[in-house]
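In: what's the 3D shape of this:
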Amino acid sequence: MTALAVAAGGTAVVLMLSGCGGRVYGPGGVPRVCPAVDYGRNLVVRLADDWPPMEGRTVVARCSSPCGQVQQNRDELAREVSGALTGSSAALWMLDMPDSVVVTVLGPEGQVAELEQALTWQRLGGTEECGGPMEAVVVVPAP
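Out: Below is the predicted model:
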């Protein structure tokens, strides 16, 4: 816990910042309190430029470990996430940051393509000490 005292007109005001997010140390060993925020993790699935245009495509990303939310009437976390393609991409919110995924592209008639891909996660914003939103990108070649 970090305390900050401010004197205002003879009255001391003490602000207490809880360390819910964990204590890290910045430059010079000065303690820094990180916010207790789940910045989120997005898996961005993009279709390569040579895919023909088509409406109604969705993508499913399957993980070897749980990476999705708890599903209705189930106690365990899901091992897949899915979403509709908007244009040629979809952003899928992940609960975890798996090392790899199997991405399946589905069209109105069924499975169109499937790709197993190792993931490289990158932080977008935030700080190295406290973290920030993470993103990995998978580009699916045309079948």
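
In: contacts and neighbour counts: CA atoms only from here.
Out: OK.

In: what about this structure, any weak spots by pLDDT?
Out: Low-confidence segments of the chain, defined by pLDDT under 70, span residues 1-29, 70-72, 74-75.

In: The most centrally placed residue in the chain pairs with what?
Out: Nearest to the geometric centre of the chain sits Arg41, at 0.3 Å (Cα atoms, centre = their mean). Counting by DSSP bridges, Arg41 is bridged to Met94, Met134.

In: switch to numbering from 2
Out: Got it, the first residue is 2 from now on, which makes the last one we talked about Arg42.

In: Hmm, it is touching Ala92, no?
Out: No - look at Arg42 against Ala92 with Cα atoms under 8 Å: they stay out of range, at 9.6 Å.

In: how does this structure divide into domains?
Out: If you go by automatic domain parsing, the domain ranges for the chain are 3-34, 42-141.

In: for these, which one ends up most surrounded?
Out: domain 42-141 (a mean of 16; mean count of other Cα atoms under 10 Å).
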